[in-house]
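**Q** From the sequence below, what's the structure:
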Amino acid sequence: MSKVKKDTIKAKGFAIQVYTGDFKNDYISLTDIAKYKNAEEPNVVVANWMRNYNTIEYLGIWEQLNNLEFKPLEF
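**A** Below you'll find the predicted structure:
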């Protein structure tokens, strides 16, 4: 089992956590990015992103490209 490596990058003065487990795939914290819009309640920003049609469309396309078992009709 590989150990997850955690780094921090700065963008516009905000610290954003970056995680990697295999040094091929990096994951960034959406909550940290959302703090740029609303430092008090970043969860509200993330919830709004997840309800946005463009976000849902992007996630569907990403799944089609990266998940061989993805079923678009069930999405």
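**Q** and stretch 32-46, how far apart are its ends?
**A** Taking C-alpha to C-alpha, to the nearest Å, the first and last residues of stretch 32-46 lie 10 Å apart.
**Q** Start the count at 776 instead of 1 going forward.
**A** Okay, residue one is now 776; in that scheme the one you just asked about reads as stretch 807-821.
**Q** residues in contact with it?
**A** If you take C-beta atoms under 8 Å, 6 or more residues apart in numbering as the criterion, stretch 807-821 is touched by 786, 787, 789, 790, 791, 792, 805, 806, 824. For glycine as for every other residue, the C-beta is placed from the backbone atoms N, C-alpha and C.
**Q** Any chance of those in CSV with neighbour count, distance to residue 830 and secondary structure as columns?
**A** Formatted as CSV, the contacts of stretch 807-821 follow (neighbours: other C-beta atoms under 10 Å; distance: C-beta to C-beta, whole Å; DSSP: H, G, I helix; E, B strand; the rest coil):
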residue, neighbour count, distance to residue 830, secondary structure
786, 11, 20, strand
787, 6, 21, coil
789, 13, 21, strand
790, 11, 23, strand
791, 18, 18, strand
792, 14, 20, strand
805, 15, 10, helix
806, 13, 15, helix
824, 15, 5, helix
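**Q** With pLDDT and distance to residue 850 added, can I get these in CSV?
**A** CSV is the format used below for those (pLDDT from 0 to 100; distance: C-beta to C-beta, whole Å):
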residue, pLDDT, distance to residue 850
786, 91, 31
787, 90, 33
789, 89, 32
790, 93, 34
791, 93, 28
792, 93, 28
805, 92, 20
806, 94, 24
824, 94, 17
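**Q** Same list (those) but as JSON lines, adding distance to residue 848.
**A** Shown next, in JSON lines, are the contacts of stretch 807-821 (distance: C-beta to C-beta, whole Å):
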{"residue": "786", "distance to residue 848": "38"}
{"residue": "787", "distance to residue 848": "40"}
{"residue": "789", "distance to residue 848": "39"}
{"residue": "790", "distance to residue 848": "41"}
{"residue": "791", "distance to residue 848": "35"}
{"residue": "792", "distance to residue 848": "35"}
{"residue": "805", "distance to residue 848": "27"}
{"residue": "806", "distance to residue 848": "31"}
{"residue": "824", "distance to residue 848": "24"}
